[in-house]
Every structure is written in structure tokens, then in C-alpha cells.
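Asker: whatever this is, show me its structure:
(chains A, B, C and D)
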Number of protein chains: 2
Amino acid sequence: MSEEAADPTADVPDDAAAEIADAVRRALAKHGYAGLTTKKVAAESEKSEAFFFYHCDSKHDLILVFLDYASEWSLGRLEAVTDIADPVEKLYVACEALLGDPDDEFSRGMNVAVMELLAHAPHDTAFHDRLEAYERRVLADLASVLEDGIDAGVFRAVDPEATAAFLLMVADGTAGAVHALGMDDVEAGVRDRLFDYLETSVLAEGVTPPEGR
Amino acid sequence: MSEEAADPTADVPDDAAAEIADAVRRALAKHGYAGLTTKKVAAESEKSEAFFFYHCDSKHDLILVFLDYASEWSLGRLEAVTDIADPVEKLYVACEALLGDPDDEFSRGMNVAVMELLAHAPHDTAFHDRLEAYERRVLADLASVLEDGIDAGVFRAVDPEATAAFLLMVADGTAGAVHALGMDDVEAGVRDRLFDYLETSVLAEGVTPPEGR
DNA sequence: GTCTATACAGTGATAGAC
DNA sequence: GTCTATCACTGTATAGAC
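Answerer: The predicted structure follows:
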């Protein structure tokens, strides 16, 4: 019944998809997207190169499998905040998730890999569509966190969409300059300014940030 | 007398360098870094493929010529603000320059191309070094604009380096999400929040933003 | 389903004429 | 200095055995 253009990542078994995503992830971390070859992907797993072409029709599809995996991983981290009841705490944890842990190799590698695919999105419709869907979902999640706080009276009456976009831009920029260039010395300053922004422009008068901020 | 590791872009005559930078720029805009080939670069100019290899030793060097050109272009735009006497005006114009004009194809293309090289910087020392130098110079320029305003008493006593980094992250993130993904609808919101931030957190009490903001 | 071996196109770079 | 022609190699993808 699927009238849609078939999703090339849909019929890959979960086991294989995990193997593929992981090998692509490691190959991307080691060589970057521009330096990525199917041989290098295979070299990152126990499987042969033909294994990857059995499950996917092309190198391009391999990357899409990784991209789906990366999106889900990132969104999973972000959407873990739904468990948190307090909107203030929720917002701060969400921002931490967005910024990522600069000391975690895995997190850093994911951010940089996704950023490289993002930079190539203007030349690749499939990348573009998936990444735009991903960004829009992040924006929606963030906006909803903001709305919660506004409704609860602990946030100012900011524009949730615009504020979400602003916060996301800071995070995306940090992934670029700080993570890709290793400019760790600016990381702390950016974090401070960001949480300062939350305190002075988002939190309502008299509301205090969570412990330790 | 150059004891340094020779700069591969140094001995290229200015005429040739301009031709190279322009062809690489167009090829990058059309195919992206990952899809860049020396044939496609040549196809963007009247010259043959051999022309490029006469002036540069490798494809890699061609891209460095472009990167130098792109850095100078961007820094030129930013540093044009030194002519402006009023620190407030100066800051706002600098931020406009950082965000870039989303309707200008050239500006957009440059931002996206540089961003793709930035994403590849972890895997390419030459890219890394040039781009880090570029980012640090932008940070220094911005910080100096902020210091001017603080000294003149029209800005609050913000931390110039951290604030400069924060502003730059917003701009870099915008180049990514907005320009690379064409999410023009979020652009306006981000701009508004950014200039709001300047007004509420950077400008001193009672100081008003420039006309039209 | 997974492997080894290989076809075949396209790439970066060079040679040699002008 | 710039061109045309070409080479050696690597990259994606497939064939066919198991």
C-alpha cells in the first residue's frame, strides 16, 4: 500500500542496519564524508564490502542508514527530557543535550559527522529532507518545552518558535566551530553566555536556575 | 629565507589565483566538496584541467587557494565596520555581516562552501589551521568592537571574548541550518532574537539600537 | 546471506606538443 | 603557460561460488 517513493532504508533488517550504521559512523569519524569509501566502511566491520551492498543498493543508501540512526540517537537524547516535570530543569537539561558533551568522543563524532552531511545537504535531496525533518522536530520539541514553562508561569512570554530556533543555532554553531575545530577554550564561554541568556531572557522574574548553574 | 613549511598557495600569481578561486567556488556551489573533482573545477572556467595543475601541485592546493580567498572575503566584509565611529552602529553592522544576506546567492554559496570545508577540518590539517585562524580573527574583531562600546560606556561590562564567541556561534549555526537546509522561515526569528539579545544584554541601560531595529 | 574475484567508470595527475 | 592526450589507480558495484 505504500504509494510513497520507497524508503531505501526501510527493508534493511534491524541487525544489519545496526552493523551498517556503526561501520559508517566509525568510517566517517576516521575519514570524513568526503573521504568515505565503501572499502573503508567495510574495513570498520568484520563483514566484507559485499555485505553492505547486499543490504543496500548503493553507498548512498548506507549513509542514509547511518543518518536515520544518528537522528534517532540525537532525538532520543533530547526527548529524554519529557520525563522531567519541572519546566526549568527540563529546559536546562534540553540545552545541555543540544550542546552535547565535548569530552565524549562518541557524541563529538556524531555531531561532526552529522554536520558534514548537513553541509552537503544542498547537493543531496535525501540528506536535505531527513536533516530538515530532524531539525524541525528538534525545534518543535524545544518550543514545546518553552510553552510548558510559559503556561506554568515560570518563563517569560517569549516567542517559543523563535527562541527555540535561537537556542538551536547556538548549539549547531558550537558543533561546528568548537567540535570540528577543537576550539575547546571557547566552549566554556559560549555555555556561560547561553545559560545567562536563559536566566535573563527566558526565566520569569524571581525564578532561579537549577542547582549548579 | 622562508624556513617555514612552504605555503602551497604563496607562489601562485594573483591572476591565476583569482581564476582558481572562482572556479573552485562555482564548482563547490554546484557539486559540494564531496562531489568536487578537478574536471568539474576546470569545467567552471575557460581554462583546461592542466591549467590548474600547472599552478598548483594537487587538487588539495586548489581548494586551499579558494579557502584563502573565502577567508579574506569574509574578513573583509566584517572588518569594513572599522570605518564606523559609533560602537552601537558598529556592533549591529558587524552582526549583519556575520549573519550574511540570505537572499544573496554569492554570500550564501560562500557560507555553505566554507561550512563544508569546516566540517571536514578534523580530517584535514591544512583546512583546520586556516579555518581556526579565520575563526580566531573573527572572534578578535568582534571582541574589539565590544570593548570599544564598553570603554565608551554604551555597552554593559560584558565579557568581550565570551560574548563574541556566543554571537559567532549563532551566526555559524545559522549558516548551517538556515543556509544549508534552506529553512528561511526560521531565519527571521533567529535574527530578531539575536538583536533582542544585543538590546537587552549588551547595550547599556538607556542606549537605543540603530534606526530600524 | 556472505564471501572472493572482478568489471568498468571516473579520478588525480603527467607528458609532450605548441 | 596552456593545451590535448593519456596513464595508473581507486572507487562503486556486480557475478557467481559457497
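
Asker: what's the neighbour count on A:Ser201?
Answerer: 17 (other Cβ atoms under 10 Å in any protein chain shown). In short, each C-beta sits where N, CA and C put it, glycine included.

Asker: now it, nearest residue through space, not along the chain?
Answerer: B:Thr200 (6.2 Å; Cβ to Cβ, 6 or more residues apart in numbering or on different chains).

Asker: how near is the one you found to DNA strand D?
Answerer: Counting by Cβ to the nearest atom of the strand, to the nearest Å, the separation of B:Thr200 from DNA strand D is 49 Å.

Asker: element containing the residue nearest the centre of chain A, please.
Answerer: Nearest residue to the geometric centre of chain A (Cα atoms, centre = their mean): A:Ser74, 4.2 Å. Following DSSP states H and E, one finds A:Ser74 within helix A:59-79.

Asker: before we move on, what about A:Ser144?
Answerer: Using DSSP H and E, A:Ser144 maps to helix A:125-151.

Asker: next, the angle from the following helix or strand past that helix to helix B:160-174.
Answerer: Under the assignment DSSP H and E, the closest C-terminal helix or strand after helix A:125-151 is helix A:160-174. Calculated by axes from the mean of the first three to the mean of the last three Cα atoms, to 10 degrees, helix A:160-174 forms an angle of 100 degrees with helix B:160-174.

Asker: tilt between helix A:160-174 and helix A:125-151?
Answerer: Counting by the same axes, to 10 degrees, helix A:160-174 lies at 130 degrees to helix A:125-151.

Asker: what's the next helix or strand after helix A:160-174 packed up against?
Answerer: Sequence order places helix A:181 as the next helix or strand after helix A:160-174, per DSSP H and E. Counting contacts by 3 or more Cβ pairs under 8 Å, 6 or more residues apart in numbering or on different chains; DSSP states H and E, helix A:181 is packed against helix B:125-151.

Asker: ok, residues contacting the helix holding A:Ser74?
Answerer: By Cβ atoms under 8 Å, 6 or more residues apart in numbering or on different chains, the surrounding residues in contact with helix A:59-79 are A:8-9, A:12, A:17-18, A:20-21, A:24-25, A:28, A:33, A:36-38, A:41, A:52, A:56, A:94, A:97-98, A:110, A:113-114, A:117, A:124, A:126-127, A:130-131, A:133-134, A:137-138, A:141-142.

Asker: let's go with 6 Å and repeat that
Answerer: Defining contact as Cβ atoms under 6 Å, 6 or more residues apart in numbering or on different chains, one finds that helix A:59-79 is touched by A:8-9, A:17, A:20-21, A:24-25, A:38, A:52, A:56, A:97, A:110, A:114, A:126, A:130, A:134, A:141.

Asker: and if you look at stretch A:183-191?
Answerer: Identification of contacts with stretch A:183-191 by Cβ under 6 Å, 6+ apart yields A:102, A:174, A:177-178, B:162, B:165-166, B:169.

Asker: ok, back up a step: any part of the helix holding A:Ser74 near DNA strand C?
Answerer: No. Counting by Cβ under 7 Å from any atom of the strand, DNA strand C is not contacted by helix A:59-79; separation bottoms out at 12.7 Å.

Asker: what comes up buried for the helix or strand just after that helix?
Answerer: Using DSSP H and E, the helix or strand that follows helix A:59-79 in sequence is helix A:87-99. Buried residues in helix A:87-99, counted by 16 or more other Cβ atoms under 10 Å in any protein chain shown: A:87-88, A:90-99.

Asker: what about A:Ser201, which SS state?
Answerer: helix (DSSP: H, G, I helix; E, B strand; the rest coil).

Asker: now it: how far from B:Asp196?
Answerer: Taking Cβ to Cβ, to the nearest Å as the measure, A:Ser201 falls 7 Å from B:Asp196.

Asker: quick revisit: tilt between the helix holding A:Ser144 and helix A:87-99?
Answerer: If you take the same axes, to 10 degrees, helix A:125-151 sits at 160 degrees to helix A:87-99.

Asker: what packs against helix A:125-151?
Answerer: With contacts taken as 3 or more Cβ pairs under 6 Å, 6 or more residues apart in numbering or on different chains; DSSP states H and E, helix A:125-151 sits against helix A:59-79, helix A:87-99, helix A:105-120, helix A:160-174.

Asker: out of the contacts of stretch A:183-191, which are close to DNA strand C?
Answerer: Counting by Cβ under 7 Å from any atom of the strand, no member of the contacts of stretch A:183-191 reaches DNA strand C.

Asker: put together a markdown table for those residues, with neighbour count and pLDDT on each row.
Answerer: Listed next are the contacts of stretch A:183-191 as a markdown table, based on neighbours: other Cβ atoms under 10 Å in any protein chain shown; pLDDT from 0 to 100:
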| residue | neighbour count | pLDDT |
| --- | --- | --- |
| A:Pro102 | 18 | 84 |
| A:Thr174 | 29 | 92 |
| A:Ala177 | 26 | 85 |
| A:Val178 | 26 | 87 |
| B:Ala162 | 20 | 98 |
| B:Ala165 | 29 | 98 |
| B:Phe166 | 27 | 98 |
| B:Met169 | 27 | 98 |
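
Asker: I appreciate the help and will end here.
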